[in-house]
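Asker: turn this into a structure:
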Amino acid sequence: MAKPPDLSESTDNEEAGLFAAFLEQWHAGEARIEDLCERHPEHKDVFHRWWSRLVTVGEVTTGGEVARTAGPKTRRLGRFELLEEIGRGGQGTVYLAEDTRLRRRVALKVLVGFDTTSGERTARFVREAEMAARLDHPGLCTVYEAGVEDDVPYISMRYVEGETLADRIEQTRSQSSSSGLGTSREFLNDTLLMAEQIARALHAAHEAHLIHRDIKPRNIMVTKEGVPVILDFGLARDLGGDLTTLTATGQVFGTPAYMSPEQVSGQVESLDGRTDIFSLGTTIYELLTLRRPFEAPTREGLSRAILAHEPSDPRKIDPTLPADLSVVLLTALDKDPNRRYATALDFAEDLRRVRVSEPILARP
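Answerer: Predicted structure coming up:
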């Protein structure tokens, strides 16, 4: 059964949020696209365009029904055969697809809620994805190409098999609910090694003048061989050029619980690699403690927490964690970018030092 893209997860765009809420109601049989357009006539052209994209990729039929019977080989986008849905996020849906021209399987991200009416913006979308294609590192998911087919924007990427860190966190959370939270040295060392590898991969991207802006557990895949790979660099931002970001000026990009204070406060144009360090620190904190450093029942409350509240010392949650690790994590989570690690490589080095019981460079 087709599922609605979670377009509201990583954007403040009103149209995307309304469309995502509508799709949830539509799947429950409680809404029609005509009703949505009648309630919000100012957005009807955009909604019809996005609806057409779902028809194009086979999510729904032309009659407005869920595409329940379409076989995997009948769903196409240009030269790509859409085999199955493998993920969804703030910008759209990701499919396992077959590139029939190059005869390889790829992860194809379809950006349902992206405006292609502006030729300049579409060209910028393609150029920014091409910038991400410069990345060549085993810990970074390769971007092959980006384009627009039948008014549907897409990004073709390396297909990485494995499980996300979000999956691992859920598994650990389920196990700890019966056994209690307590970190074994083996688990700690494995986690620290993985975190170090992620930070080193992130540094490689930063050295190529790209920041990710949406580091979170669901955007990090762990392969069957245990190698972490950062996903979704297709909408990374170029630090070295004069291109503006794909999101509108002042618009927040990222997943709220993992955003840095500068992202939350809308300092879009001044972001640098230290915003990714904060998000990675949040991810590692959650991986080790099974709690996020900043939590609140509403998005507004979460924003206030990120901007004004200090995270709890992770040792208050799990006293078995080393004291130096607390210092490392809290340094990465400092609200002032100037007091965080200057580079992801510095972060990686201190994670290594904790793992091998060497003195860390950060100071409380």
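Asker: where does the stretch 101-250 of the chain dip in pLDDT?
Answerer: 113-116, 177-182, 234-250 (pLDDT under 70).
Asker: all strands for it, in order.
Answerer: If DSSP state E, counting those that start in this stretch is used as the criterion, the strands of the stretch 101-250 of the chain fall at 104-110, 143-149, 152-158, 163-164, 210-211, 220-222, 228-230, 237-238.
Asker: could you chop the chain up by domain?
Answerer: Here the domain assignment for the chain is 14-158, 163-355, based on automatic domain parsing.
Asker: JSON lines for those domains, including mean neighbour count and distance to residue 363?
Answerer: C-beta coordinates here come from the backbone N, C-alpha and C atoms, glycine included. Below are those laid out as JSON lines (neighbours: other CB atoms under 10 Å; distance: least, CB to CB, whole Å):
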{"stretch": "domain 14-158", "mean neighbour count": "17", "distance to residue 363": "28"}
{"stretch": "domain 163-355", "mean neighbour count": "18", "distance to residue 363": "7"}
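Asker: in a markdown table: those, plus distance to residue 361.
Answerer: As requested, the domains of the chain are exported to a markdown table (distance: least, CB to CB, whole Å):
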| stretch | distance to residue 361 |
| --- | --- |
| domain 14-158 | 22 |
| domain 163-355 | 6 |
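Asker: for residue 362, find the nearest of these.
Answerer: domain 163-355 (4.3 Å; CB to CB).
Asker: picking that back up, of all the domains of the chain, which one is nearest residue 364?
Answerer: domain 163-355 (5.1 Å).
Asker: how far away is residue 308 from residue 335?
Answerer: Applying CB to CB, to the nearest Å, the value for residue 308 to residue 335 is 8 Å.
Asker: sorry, that was for residue 329
Answerer: Residue 329 is 14 Å from residue 335, where distance means CB to CB.
Asker: now do residue 318
Answerer: For residue 318, the distance to residue 335 - CB to CB - is 23 Å.
Asker: could you find the closest non-adjacent residue to residue 282?
Answerer: Excluding its sequence neighbours, the residue lying closest to residue 282 (CB to CB, 6 or more residues apart in numbering) is residue 258, at 4.9 Å.
Asker: for that neighbour, give me its contacts.
Answerer: Residue 258 is in contact with 214-216, 279, 282-283, 292, counting by CB atoms under 8 Å, 6 or more residues apart in numbering.
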